[in-house]
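Engineer: based on what follows, work out the 3D shape:
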Amino acid sequence: MRRLTAALLLALLAACGGGGGDDEAPVPDPPGALNDPNAYSSQPEASLPGAVEAVATTKHQLRLGGSEIAYTASAGHLIAREPLAGAAQASVFHVAYTADDADPAMRPVTFFYNGGPGSASVWLHLGSFGPKRLATGVPATTAARPFPLVDNADSLLASTDLVFIDAVGSGRSQAIAPYRNRDFWSVGADAALFRDAIRRWLQMHGRQASPLFLYGESYGGPRTAVLARRLQEAGTWPAGLILQSPALDYHSNCGVTETAGIACTGYLPSYAATGAWHGLSTPAPVDLDGWLGGARDFAAMRYAPALHDWLAAALPAPELWLPLAELTGLSAAQWQQSFNLGPTRYRERLIPGQLLGRYDARMTAPVGSALAAEGDPSSSWIGTSFAAAIDAYLRDTLLYRNRSTYVLLSTAIEHWDFAHAGRDLPDTVPDLAAALAADPALRVLAVSGVHDLATPFHVTETDLARLASDRVSVRNYPGGHMSFLDDATRPRQRTDIAAFLAHAAAERTLRRSPLAAALRPAPTWPALPALPAWPDRAGVPAAAIGEPLPEAALQAPLRDPWVPVRRAPGR
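Structural biologist: As a prediction, this is how the structure comes out:
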């Protein structure tokens, strides 16, 4: 790769008349920099004719808890190969942060990814627990934009190394011919590709013995459930799974498709939290946790039975209209009109003239304003700042340079095959159950924001209750879908996650029970071939060099999880 880069640079200089006359000599790149000349595309049919593994490498320091942590950042591509035949599938863009003064065999490593499907990992990368974060000011909408990039005092780097992976067709990850991007746009193929990328990173860095953790947000939740099983079947055993606002079962969330017949019971506690935040609940709660406990009880004992009768036979329940209004702040007349009340109607009707955020219902914007124009003020507030920041950060701080658009959100969801385990839409709770059964030391932590009207915290609670496992923990915080954006919540969440990492890593000696213990049979895997030495190369890498076609950084609405109308069952 470095020879290709140098050759390209010389050719460009020659074409411009460089290298002679009075022209100044080109400024050499800083140590560790990488000029990646490849042209990447997020389009469904796109594929690279070849690829070479290469990364930019830089050294940094971060002060956490009164101590300085020296760390190495690497940004670039690895090649994910199919494990049995060894075929190169994709050139996967990733950014890794590894502590310099730690024993790699004992040091945990956590892989982060967002969902969409079709989203890059930028939201977790620059919003949550990396060494840098964007100061968004959420839930207020008064901060100057673009947001400043600051040192992250709540980084998890003191507890684990961090690797942020972009799905194929997002960021600058792309399929390698003969594969196309769209070949990895399904539940199963996506999880398998992530398995192969993670195994490659571990092999490249000699980290197979490190405690391994997965951290997936939104659609990254179901990806994590399936991915954990695929890793176990390949002989790689995660120590723990962290589910950020997960959409584990698309059949239990009435807001994913807004299809009639799915009960919205799980949204009621989030409506209660939202009404209380806006001062519309009666009486005004003084204890949020107690208020939400009462909302859970009301949802289970009164609303759910009445809603069952309403969905089955349209039997009204006028005695609940006023209690629902007092709990959620939405008028009794609205509950009378729409007893199975979905999140869009709630967000549009709670405050006249205002639209509430879907990702964070504490955030509002006047109807007709620019912030409300795309349907979710809480996602519109952050999108352009994250797009600008990731390009500048990769180029100027991590010294990875490439002219292709870093695609935060592709059109993958328009082509995605959501079918899984014989159903049109995924229910990955059984996959999670199988992973827990295969490994008696595996731990799961779910973290949610109580003001999230995309993947409500109580839907997650009821999904995970199906597992009936004491190895599954749930933590809920004030905040939205990206609860870590909240400056008060992020330190609490970091503390809980750090404790989870330490506990799960300490129990590694119990791991690796026979796969025969799984709830469903695992395939019989032959001995896997050895992965290539670094740097791997595939196809004709020189043919990938070129001028990238212009692409939008945000190509679809930021509304994970959702299913386009063409995919909604019965439509």
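Engineer: what ranges does the stretch 51-200 of the chain have for its strands?
Structural biologist: 54-64, 67-81, 88-99, 109-113, 132-134, 149-151, 161-165, 174-175 (DSSP state E, counting those that start in this stretch).
Engineer: tilt between the first one and strand 88-99?
Structural biologist: Think strand 54-64. Calculated by axes from the mean of the first three to the mean of the last three Cα atoms, to 10 degrees, strand 54-64 forms an angle of 30 degrees with strand 88-99.
Engineer: give the other helices and strands that strand 54-64 contacts.
Structural biologist: Secondary-structure packing of strand 54-64 (3 or more Cβ pairs under 8 Å, 6 or more residues apart in numbering; DSSP states H and E): strand 34-35, strand 67-81, strand 400-401. Where C-beta positions appear, they are placed from N, C-alpha and C, glycine not excepted.
Engineer: kindly calculate the angle that the longest one makes with strand 88-99.
Structural biologist: Right, strand 67-81. Put simply, strand 67-81 runs at 170 degrees to strand 88-99, going by the same axes, to 10 degrees.
Engineer: quick check: mean pLDDT of strand 67-81?
Structural biologist: Mean pLDDT, strand 67-81: 97.
Engineer: same check on stretch 296-316?
Structural biologist: pLDDT averaged over stretch 296-316 gives 95.
Engineer: and it, C-alpha only, in PDB?
Structural biologist: Coordinates of the C-alpha atoms in stretch 296-316 are reproduced here as PDB (Å, rounded to 0.1, in the frame of the first residue of the first chain):
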ATOM      1  CA  ARG A 296     -44.700  -0.400  34.300                       C
ATOM      2  CA  ASP A 297     -47.400  -1.700  36.800                       C
ATOM      3  CA  PHE A 298     -50.200   0.300  35.100                       C
ATOM      4  CA  ALA A 299     -49.000  -1.000  31.700                       C
ATOM      5  CA  ALA A 300     -49.000  -4.600  32.800                       C
ATOM      6  CA  MET A 301     -52.100  -4.800  35.000                       C
ATOM      7  CA  ARG A 302     -54.500  -2.300  33.400                       C
ATOM      8  CA  TYR A 303     -53.400  -1.100  30.000                       C
ATOM      9  CA  ALA A 304     -52.200  -4.400  28.500                       C
ATOM     10  CA  PRO A 305     -55.500  -6.400  29.200                       C
ATOM     11  CA  ALA A 306     -57.600  -3.600  28.000                       C
ATOM     12  CA  LEU A 307     -55.500  -3.200  24.900                       C
ATOM     13  CA  HIS A 308     -55.800  -6.900  24.200                       C
ATOM     14  CA  ASP A 309     -59.500  -6.600  24.200                       C
ATOM     15  CA  TRP A 310     -59.400  -3.500  22.000                       C
ATOM     16  CA  LEU A 311     -57.100  -5.200  19.400                       C
ATOM     17  CA  ALA A 312     -59.200  -8.400  19.400                       C
ATOM     18  CA  ALA A 313     -62.700  -6.900  19.400                       C
ATOM     19  CA  ALA A 314     -62.500  -3.100  19.500                       C
ATOM     20  CA  LEU A 315     -63.900  -3.100  23.000                       C
ATOM     21  CA  PRO A 316     -63.400   0.500  24.400                       C
END
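Engineer: so which bits of it are buried?
Structural biologist: Of all the residues in stretch 296-316, those buried under the rule 16 or more other Cβ atoms under 10 Å are 296, 298, 299, 302, 303, 306, 307, 310.
Engineer: returning to that earlier point: the strands of the stretch 51-200 of the chain: which one's closest to residue 482?
Structural biologist: Judged by Cβ to Cβ, the one of those that comes nearest to residue 482 is strand 132-134, at 10.9 Å.
Engineer: partner strands of the closest one, parallel or antiparallel?
Structural biologist: strand 149-151 (antiparallel) (DSSP bridges).
Engineer: tell me the pLDDT of the residue sitting nearest the centre point of the chain.
Structural biologist: In the chain, the C-alpha closest to the average C-alpha coordinate belongs to residue 114, at a distance of 1.5 Å (Cα atoms, centre = their mean). The predicted structure scores residue 114 at 98 on the pLDDT scale.
Engineer: that one contacts residue 121, correct?
Structural biologist: Yes - using Cβ atoms under 8 Å, residue 114 makes contact with residue 121 at a distance of 5.2 Å.
Engineer: can you list the weak-confidence ranges in the stretch 451-571 of the chain?
Structural biologist: Low-confidence segments of the stretch 451-571 of the chain, defined by pLDDT under 70: 509-528, 566-571.
Engineer: repeat that for the chain.
Structural biologist: For the chain, residues meeting the criterion pLDDT under 70 lie at 1-26, 258, 509-528, 566-571.
Engineer: how close does residue 322 get to residue 153?
Structural biologist: Counting by Cβ to Cβ, to the nearest Å, the gap between residue 322 and residue 153 amounts to 46 Å.
Engineer: what's near enough to touch the residue nearest to the centre of the chain?
Structural biologist: When contacts are counted by Cβ atoms under 8 Å, 6 or more residues apart in numbering, residue 114 touches 120, 121, 122, 123, 124, 216, 217, 218, 219, 220, 560.
Engineer: over to residue 73?
Structural biologist: Residue 73 is in contact with 57, 58, 59, 60, 95, 96, 97, 131, 397, 398, counting by Cβ under 8 Å, 6+ apart.
Engineer: would JSON lines of these with distance to residue 89 and neighbour count be doable?
Structural biologist: Compiled in JSON lines, those are given as follows (distance: Cβ to Cβ, whole Å; neighbours: other Cβ atoms under 10 Å):
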{"residue": "57", "distance to residue 89": "25", "neighbour count": "17"}
{"residue": "58", "distance to residue 89": "28", "neighbour count": "18"}
{"residue": "59", "distance to residue 89": "32", "neighbour count": "11"}
{"residue": "60", "distance to residue 89": "31", "neighbour count": "17"}
{"residue": "95", "distance to residue 89": "20", "neighbour count": "26"}
{"residue": "96", "distance to residue 89": "20", "neighbour count": "23"}
{"residue": "97", "distance to residue 89": "25", "neighbour count": "25"}
{"residue": "131", "distance to residue 89": "30", "neighbour count": "19"}
{"residue": "397", "distance to residue 89": "30", "neighbour count": "16"}
{"residue": "398", "distance to residue 89": "25", "neighbour count": "23"}
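Engineer: just those residues now: which is nearest residue 440?
Structural biologist: Here the nearest of the contacts of residue 73 to residue 440, counting by Cβ to Cβ, is residue 96; it sits at 29.8 Å.
Engineer: beta-bridge partners for the closest one, please?
Structural biologist: Taking DSSP bridges as the rule, residue 96 bridges to residue 74, residue 163.
Engineer: quick one: terminal-to-terminal distance for stretch 123-131?
Structural biologist: Using Cα to Cα, to the nearest Å, the end-to-end distance of stretch 123-131 comes to 13 Å.
Engineer: which residues make contact with stretch 536-556 from outside it?
Structural biologist: With contacts defined as Cβ under 8 Å, 6+ apart, stretch 536-556 is touched by 1, 4, 8, 37-43, 48-53, 78-79, 81, 88, 116, 118, 176-177, 200, 383, 387, 403-411, 413-414.
Engineer: buried subset of those?
Structural biologist: When burial is judged by neighbour count using 16+ other Cβ under 10 Å, the buried members of those are 1, 4, 37-43, 48-53, 78-79, 81, 88, 116, 118, 176-177, 200, 383, 387, 404-411, 413.
Engineer: of those, which belong to helices?
Structural biologist: Filtering the buried ones among the contacts of stretch 536-556 for membership in helices, criterion DSSP state H, returns 4, 200, 383, 387, 413.
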